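S.K.: Kindly generate the corresponding structure for this input.
(2 chains)
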Amino acid sequence: MNSCVYSLFPIYTDDTLVYFPELIGRWEKEGDSNAYVEFSAVPKSIASLSNGTAEKEVALNSAEEKVYVVEFMDNSEALTFIGHIAEIGNDFFLDLYPAEVSNSSTIPVHTFSKVKFINNRLDLTSFDLEKLNKLFESNLIRLRHENVDGTILITAQPSEIQKFINRYSEDESVFEDKDTYRRAS
Amino acid sequence: MVKLINSKWFQHPVFWMLSIYAIANYFSISSIFKFIDVFYALLFHVPLVFLVYFNLRFLISRFLDHGKYLQYFLSIPALLLVTYWVHELTFEVIFPLMDSEFYMVSFTEWQVLFSIFLIYLILTTLIKLSKSWYTLQQVEKEKLSLELNSLKTQINPHFFFNSLNSIYSQALTKSDRTSETVLELSNLLRYMLYEVEEEMVPLMKEVEMLENYMELQKLRLEEGSKIEFKVQGNLDGVVIAPLLLFPLVENAFKHGMRGDFEQAFINIQLTLGSGIRFSIMNKLGQIDDVENGKYGGIGLENVKRRLELIYPNTHEFEILKTETEFQVILKLI
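M.R.: Take a look at the predicted model:
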């Protein structure tokens, strides 16, 4: 997840949230059996999560809330996120937010990637961070953002991000190569 | 320079440059002014330019200028909707086709867009209307000036012919005073030629001119003619429209000194107080047509018209007539 784009606000709004129960389960990365992504329903043990604007109680029903717990395993390092999928234009985007914040001085941020799944195949395509950083630094992107120690943090509102992504979701130049996963369980 | 400033080829570009600067600032995504903000503002002006010129060139000239206010106001919502469509067309179709290096979309909500469109519509309509009003005022002013000049020039030939008749009479009798009369006429004409160009002249000069004129007229009258001119009050610093009193005096001489000179008289009183009061009374000649209201003719009508133009709501003009006497009282407040 190192090459993700960071955003202060989520990519989704209530009207764009979708939920796919068939995503629940583990998906192994093609060519690397030690790397996987696992979608699961939200357990009762997670007391609360942030939607970026305010703390809210987690509902007991993942489907109703259209929320997942998403665990990424890569190089023996596991990262857990709260995941939402937003339908923007003709594509779906996975919004990830840290399930646990290491300390109170750290501001948690959202990341997102394009998601496509057909039967037992799941493709996750992240934005090309290096390309986007160059565009931001060259003032070629008109999207509210801040440069935090060399890292671009998008500060635009969800509706603005959605409109932007909708316009450029087909622009291959701003995306990295996709990571393909196969259903493992 | 003034001509350039008043030119639309100067005013319109200046207006749009200020507008682009304002929009670029308003929609700027950071505190630093960037070229992408200017580029965005330029695109944002495509619907604005359409809105403004469609309103100015079509709606105002077709509806507002012809008093079709209902049609004008009914067409405004339609214009705003079409402008919104032009905005969407610009950012969703035209900009992507431009293959620009910029990545941007319009985030502005429709409520904000309609508010901006409405502000531009109202602002430019008001500018247009105020310019039209100013132009109308200028035209009215020029029209007024032409009318005033016309009224003044109507006085001159009237007086001039009377004076020439006096000189003609003196020349016939080989009077020694002919040269003096010509000189006085010359002074009068000089006054009329140069002083009438002014909007206001000192009352002192106007009085001197009247006295000069009366001296000129006395030349054709018998000795001991009952002509009285009294001035009460201080003339210093008091101004008056040039030749305003002259037609009244000329009129009195024309009608008051006809026929039986023993009975004829002219009594003029100029009183200065809180304003100017000018009273002139003369005996009516037997041939004057008071009944039909023709007495006074064009001279008095000119005075009335000039008073309406120069002293609107600050004058009183009263004509008193009996079978034997005629009096005009003019008060300037």
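S.K.: near chain A, which residues of the stretch 201-333 of chain B?
M.R.: The stretch 201-333 of chain B has no residues near chain A, with proximity defined as Cβ under 8 Å from any Cβ of the partner chain. The C-beta positions use only the backbone N, C-alpha and C, and glycine is treated the same way.
S.K.: helix/strand/coil for the residue of the stretch 201-333 of chain B found nearest chain A?
M.R.: Nearest residue of the stretch 201-333 of chain B to chain A, counting by Cβ to the nearest Cβ: B:P312, 59.4 Å away. In three-state terms, and counting by DSSP: H, G, I helix; E, B strand; the rest coil, B:P312 is coil.
S.K.: Quick check: the residue of the stretch 101-250 of chain B nearest chain A.
M.R.: In the stretch 101-250 of chain B, the residue that lies nearest chain A is B:M104 (3.5 Å; Cβ to the nearest Cβ).
S.K.: I'd like to know how many residues surround residue 141.
M.R.: No chain in the question, so chain A it is. 23 (other Cβ atoms under 10 Å in any protein chain shown).
S.K.: looking at chain B here, not the other one
M.R.: A count of nearby residues for B:K141, using other Cβ under 10 Å, gives 10.
S.K.: so B:F317, which of the three states?
M.R.: Assigned state for B:F317: strand (three-state reduction, three-state DSSP).
S.K.: contacting residues for it?
M.R.: B:V303, B:K304, B:L307, B:V328, B:I329, B:L330, B:K331 (Cβ atoms under 8 Å, 6 or more residues apart in numbering or on different chains).
S.K.: Any chance of JSON lines for those, columns pLDDT and neighbour count?
M.R.: Converted to JSON lines, those look like this (pLDDT from 0 to 100; neighbours: other Cβ atoms under 10 Å in any protein chain shown):
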{"residue": "B:V303", "pLDDT": "84", "neighbour count": "24"}
{"residue": "B:K304", "pLDDT": "86", "neighbour count": "14"}
{"residue": "B:L307", "pLDDT": "86", "neighbour count": "18"}
{"residue": "B:V328", "pLDDT": "93", "neighbour count": "23"}
{"residue": "B:I329", "pLDDT": "94", "neighbour count": "16"}
{"residue": "B:L330", "pLDDT": "95", "neighbour count": "21"}
{"residue": "B:K331", "pLDDT": "94", "neighbour count": "18"}
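S.K.: how about CSV for these, with secondary structure added?
M.R.: What follows is the contacts of B:F317, written out as CSV (three-state DSSP):
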residue, secondary structure
B:V303, helix
B:K304, helix
B:L307, helix
B:V328, strand
B:I329, strand
B:L330, strand
B:K331, strand
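S.K.: if we can go back for a sec, let me know whether the residue of the stretch 101-250 of chain B closest to chain A touches A:I141 as I believe.
M.R.: Yes. Here B:M104 lies in contact with A:I141, judged by Cβ atoms under 8 Å, at a distance of 7.1 Å.
S.K.: hey, what's in contact with both of these two?
M.R.: When Cβ under 8 Å, 6+ apart defines a contact, the residues bordering B:M104 and A:I141 alike are B:I36.
S.K.: Strands of the chain, residue ranges please.
M.R.: Reading this off chain A. Along chain A, the segments classed as strands by DSSP state E run A:6-7, A:17-18, A:25-29, A:32-40, A:48-50, A:55-57, A:68-74, A:77-88, A:91-98, A:110-118, A:121-126, A:145-148, A:151-154, A:179-183.
S.K.: wrong one, I was asking about chain B
M.R.: B:201-202, B:226-232, B:239-240, B:265-272, B:276-283, B:315-321, B:325-332.
S.K.: Check chain A for me, the residue farthest from its geometric middle.
M.R.: Most distant from the centre of chain A: A:S138, at 25.3 Å, with distances by Cα atoms, centre = their mean.
S.K.: Tell me the pLDDT of B:T83.
M.R.: Here the pLDDT value assigned to B:T83 is 97.
S.K.: residue ranges with poor pLDDT in the chain?
M.R.: Looking at chain A here, since you left the chain open. Low-confidence regions of chain A, defined here as pLDDT under 70, cover residues A:1-4, A:43-64, A:101-106.
S.K.: wait, I meant chain B there
M.R.: Counting by pLDDT under 70, the low-confidence segments of chain B come to B:146-159, B:219-220, B:222-224, B:257-263, B:285-298.
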